[in-house]
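S.K.: Sharing a model prediction with you, sequence too.
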Protein chains: 2
Amino acid sequence: MDKITPKAASRKEDIISAAITVFADLGYYRATTAQVAAQANISQPYVYRFYNTKEALLLAALERSWDRILQAFSSVREKVKPEDMETAFTEAYKNVLRNFQSEILLQMQAQTIQDPEIRKAMQSGMKRIRDYVLSSFQQSGYPEPEERTTIFLAKGMLCNIALAIDMDELMPNHL
Amino acid sequence: MDKITPKAASRKEDIISAAITVFADLGYYRATTAQVAAQANISQPYVYRFYNTKEALLLAALERSWDRILQAFSSVREKVKPEDMETAFTEAYKNVLRNFQSEILLQMQAQTIQDPEIRKAMQSGMKRIRDYVLSSFQQSGYPEPEERTTIFLAKGMLCNIALAIDMDELMPNHL
DNA sequence: TTCATTATTGATTCATCAATCAGTAATTTT
DNA sequence: AAAATTACTGATTGATGAATCAATAATGAA
């Protein structure tokens, strides 16, 4: 039956946090479940009580990282005047980069993993973000919202890279 | 003394090609030197006659991938009128993506590898490209060449991602 | 307190892989 | 054709890691 007790639920969260840190730092394939366990202060086998495979853990970690970005944008959309939408989104993303670097690095890792399950997760995450940004730009009455969305996303991706390889010169000016 | 015979030089190239394919496909850490060797039709130990470590092989592969892009741009710059520069660069990059997908995927992999040697290689590769594009845009008399270079690179990076996760909707229109 | 459920781990397994070594074939030089 | 150099491989090693199992501790209910 395996009921989900509060304690177990919080363990799951701990493990995801640990996985994000370790995977981002070492790379998914090089990182070991033992390192994730250590980071979460539990034993290696116990990880498998919550995630049946290393890949399931990666998927959970990715889900959190996509939720994070969407959450950041959606908390902005309520508060801000239409004409400030893009600037506000940019600020929101800057904060995600500052406070959740590892989640972004993890996404970058996952971009190049060819496994179908991972690929699906990345596609759907990317689509959620794009759709949200596009519809926000449309609602804000921006001209050429598609092109503007593309450029917004493109700058975001360049930003990720600048962060990952530690090259400030690469950062888009205002980001 | 280990003189470099023509045969050895061509073996080195074969191994790099094989490494690019295998690393891009499986990921650097998951890929094995035996798989690289198989792809190059040689035995696994023989790889080590040319590259002393797996990482040295990755560095060589990365160098080729950066050279490829610079080569593509520089062969364009000679042939094209200043006002067509950006469009021509875009076309040139499109061709690289078409014909050397694996090299791009490999670069994406390397973006998230934290090792100092790899990081240095990525920084210097990225810098070479950016400097070349920027100076080309400047020579072409484009207004705001920095901003234009940034957007050009940003769209390129988004393009890479669209390729990697197989999402055509993400592709910048004209690319 | 006893029983049941939930939380957790030590020890192990089986597989895999980077790197080395010690040697054999092929080719070139003399 | 012998010697020397270059090309190449089989076998091995030592380490490591995902996943499983069998068990023990802790917690809560009856």
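M.R.: Nice, thanks for sending it over.
S.K.: what pLDDT does the most centrally placed residue in chain A get?
M.R.: For chain A, A:S65 is the residue whose C-alpha lies nearest the centre (C-alpha atoms, centre = their mean; 2.6 Å). The predicted local confidence for A:S65 comes out at a pLDDT of 98.
S.K.: swap in A:H174?
M.R.: For A:H174, the pLDDT comes out at 55.
S.K.: circling back to that earlier point, which residues are in contact with the residue nearest to the centre of chain A?
M.R.: A:20, A:100, A:103-104, A:106-107, A:125 (C-beta atoms under 8 Å, 6 or more residues apart in numbering or on different chains). Placement of C-beta: from N, CA and C, glycine included.
S.K.: before we move on, what about A:I118?
M.R.: By C-beta under 8 Å, 6+ apart, A:I118 lies in contact with A:55, A:58-59, A:62, A:110.
S.K.: what's the answer for A:A121, then?
M.R.: Each residue near A:A121 by C-beta under 8 Å, 6+ apart is listed here: A:59, A:62-63, A:66, A:110.
S.K.: in chain A, which helix or strand is least confident?
M.R.: Taking all helices and strands of chain A together, the one with the lowest average confidence (mean pLDDT, DSSP states H and E) is helix A:6-26, at a mean of 92.
S.K.: for that helix, packing partners?
M.R.: Secondary structure elements in contact with helix A:6-26, counted by 3 or more C-beta pairs under 8 Å, 6 or more residues apart in numbering or on different chains; DSSP states H and E, are helix A:33-39, helix A:44-50, helix A:54-79, helix A:101-111.
S.K.: filter the contacts of A:I118 down to the ones near DNA strand C?
M.R.: When C-beta under 7 Å from any atom of the strand is applied, no member of the contacts of A:I118 is adjacent to DNA strand C.
S.K.: re earlier: list the residues that contact the closest residue in space to the residue nearest to the centre of chain A that isn't next to it in sequence.
M.R.: Once its chain neighbours are removed from consideration, A:S65 has its nearest residue in A:E103; the separation is 3.8 Å (C-beta to C-beta, 6 or more residues apart in numbering or on different chains). A:E103 sits next to A:20, A:24, A:61, A:64-65, A:68, A:96 when contact means C-beta under 8 Å, 6+ apart.
S.K.: try A:A60
M.R.: Taking C-beta under 8 Å, 6+ apart as the contact definition, A:A60 lies against A:12, A:16, A:19, A:51.
S.K.: out of those, which are buried?
M.R.: For the contacts of A:A60, a neighbour count by 16 or more other C-beta atoms under 10 Å in any protein chain shown gives the buried set as A:12, A:16, A:19, A:51.
S.K.: Specify which member of those residues is nearest to chain B.
M.R.: Nearest to chain B among these: A:A19, at 15.1 Å, using C-beta to the nearest C-beta.
S.K.: from memory that closest one sits against A:L58, does it?
M.R.: Yes: distance between A:A19 and A:L58: 7.2 Å, which falls inside the contact criterion (C-beta atoms under 8 Å).
S.K.: Chain B contacts on chain A?
M.R.: On the criterion C-beta under 8 Å from any C-beta of the partner chain, chain B has as its neighbours in chain A the residues A:24-30, A:105, A:108-109, A:111-114, A:119, A:122-123, A:126-127, A:130, A:146-147, A:150-151, A:153-155, A:157-158, A:161, A:164-167, A:169-170, A:172-173.
S.K.: one step back: mind putting the contacts of A:A121 in JSON lines, neighbour count and distance to DNA strand D included?
M.R.: Listed next are the contacts of A:A121 as JSON lines, based on neighbours: other C-beta atoms under 10 Å in any protein chain shown; distance: C-beta to the nearest atom of the strand, whole Å:
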{"residue": "A:L59", "neighbour count": "17", "distance to DNA strand D": "12"}
{"residue": "A:L62", "neighbour count": "25", "distance to DNA strand D": "16"}
{"residue": "A:E63", "neighbour count": "14", "distance to DNA strand D": "18"}
{"residue": "A:W66", "neighbour count": "19", "distance to DNA strand D": "22"}
{"residue": "A:A110", "neighbour count": "24", "distance to DNA strand D": "16"}
